[in-house]
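Colleague: what follows is a predicted protein model with its sequence.
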Amino acid sequence: MSTKIESSVAAQCEELLREHFPDGLVRTLGRTFPGSRQDDCEDATSEAFAKMIRKGRALENPRGYVTTVAMNEMRRVLVKAAREQLPESQDEEGKADAWADPTAEEAIGEAVFRFVRGIVEKWESRNLRLATLVVLEAGKLGEPLSSAELAEELEHQLGDDVSPDTARQWRKRGLDRLREQLHAADPSIAKERR
C-alpha cells in the first residue's frame, strides 16, 4: 500500500474526527435504532471506520461510506439478535447466573422487537401485516395465541369475520415472510446456515 494512499485515507479519517463526525453518527444510530445499546452504536461506528481504513484508498464520500457501513452493522447486530432466542443466563449446573445483566438483555430485546416490528409495519398486505403484528406482540408478552384467539383479535381489529383456519394461514405466511426478510437483511446469516 503506498504512503500517498495511506495518508489520504488517514487525512479523511482525521478530518472526520476533527468534525466530531463519529459522535454524531453514534447519536444518529441511537435515534435510528431506538432502544439499541450505546455500546452497539459505538462498535458499529468503529467497525465502519476500520473498514474504511482497510479499503486502503481515499473515498469520494467518506461520510456516506462510514454511515452506510455503520447502519448495516447495526442492522446485522439486530437481525442476528432477532434470529437468536436469547437464552437465560445459566451456570454449568443450570442455575440462573447471578452475574447476568437483565437490564441489558431487556434493552437488546426491546431494540430487536422495534426493529422487527418496523419491518412488518412496511408490508402492504393489511391482513398479513396485522396478523403478524398481533403474533409478535403476543410473543413479546409471553402469551402465544391459539388460532381461535388470533382470529378473535383480528375480527376485533378488522371489524370483519375471520376464521381460525384463516388466522392460522395468515400467521404462517407472515412469519415465513418475516424470516425470509431477516435472512435477506444479513447475508452472513445465510452463510452460517450452510
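Modeller: Now that the structure is in, tell me what you want to look at. Numbering: from 1, shown residues only.
Colleague: centre-most residue in this protein?
Modeller: Nearest residue to the geometric centre of the chain (CA atoms, centre = their mean): Leu78, 2.7 Å.
Colleague: what pLDDT is listed against that one?
Modeller: According to the prediction, Leu78 has pLDDT 81.
Colleague: can you name the residues that contact Leu16?
Modeller: Residues near Leu16 by CB atoms under 8 Å, 6 or more residues apart in numbering: Pro22, Phe49, Pro62, Arg63, Val66. All C-beta spots, glycine's among them, are computed from the backbone N, C-alpha and C.
Colleague: those in helices, which ones?
Modeller: Using DSSP state H, the members of the contacts of Leu16 that fall in helices are Pro22, Phe49, Pro62, Arg63, Val66.
Colleague: I'd assumed Glu110 was in contact with Ala81.
Modeller: No. Shown here, Ala81 and Glu110 do not form a contact pair, counting by CB atoms under 8 Å, at 10.8 Å.
Colleague: neighbour count for those two, which is higher?
Modeller: Ranked by neighbour count (other CB atoms under 10 Å), Ala81 and Glu110 place Ala81 first, with 19 against 14.
Colleague: name the nearest residue to that one, ignoring sequence neighbours.
Modeller: Counting by CB to CB, 6 or more residues apart in numbering, Val112 is the residue found nearest to Ala81 once chain neighbours are left out, at 4.7 Å.
Colleague: same question, Phe115
Modeller: Leaving aside its chain neighbours, Phe115 sits nearest to Leu78 (4.3 Å; criterion: CB to CB, 6+ apart).
Colleague: then Ile53?
Modeller: In this structure, Ile53 finds its nearest non-sequential neighbour in Val9, 5.9 Å apart by CB to CB, 6+ apart.
Colleague: just confirm that neighbour is within a helix.
Modeller: Yes. Assessed with DSSP: H, G, I helix; E, B strand; the rest coil, Val9 lies in a helix.
Colleague: and Leu145, what element?
Modeller: Following DSSP states H and E, there is no helix or strand that holds Leu145.
Colleague: and the nearest residue to it once chain neighbours are set aside, how far from Glu73?
Modeller: Nearest non-adjacent residue to Leu145, counting by CB to CB, 6+ apart: Ala138, 4.8 Å away. As judged by CB to CB, to the nearest Å, Ala138 and Glu73 stand 31 Å apart.
Colleague: more neighbours: those two, which one.
Modeller: Neighbours per residue, other CB under 10 Å: of Ala138 and Glu73, the larger number sits with Glu73, 20 against 15.
Colleague: so where do the helices sit in the chain?
Modeller: 3-18, 21-32, 38-55, 62-83, 102-121, 126-140, 147-158, 164-185, 187-193.
Colleague: distance of the residue nearest to Phe21 when sequence neighbours are not counted relative to Met71?
Modeller: Excluding the flanking residues, the one nearest Phe21 by CB to CB, 6+ apart is Arg63, at 6.5 Å. Separation of Arg63 from Met71 (CB to CB): 12 Å.
Colleague: I'd assumed Ala111 was in contact with Arg37.
Modeller: Yes. Using CB under 8 Å, Arg37 is in contact with Ala111, at 7.2 Å.
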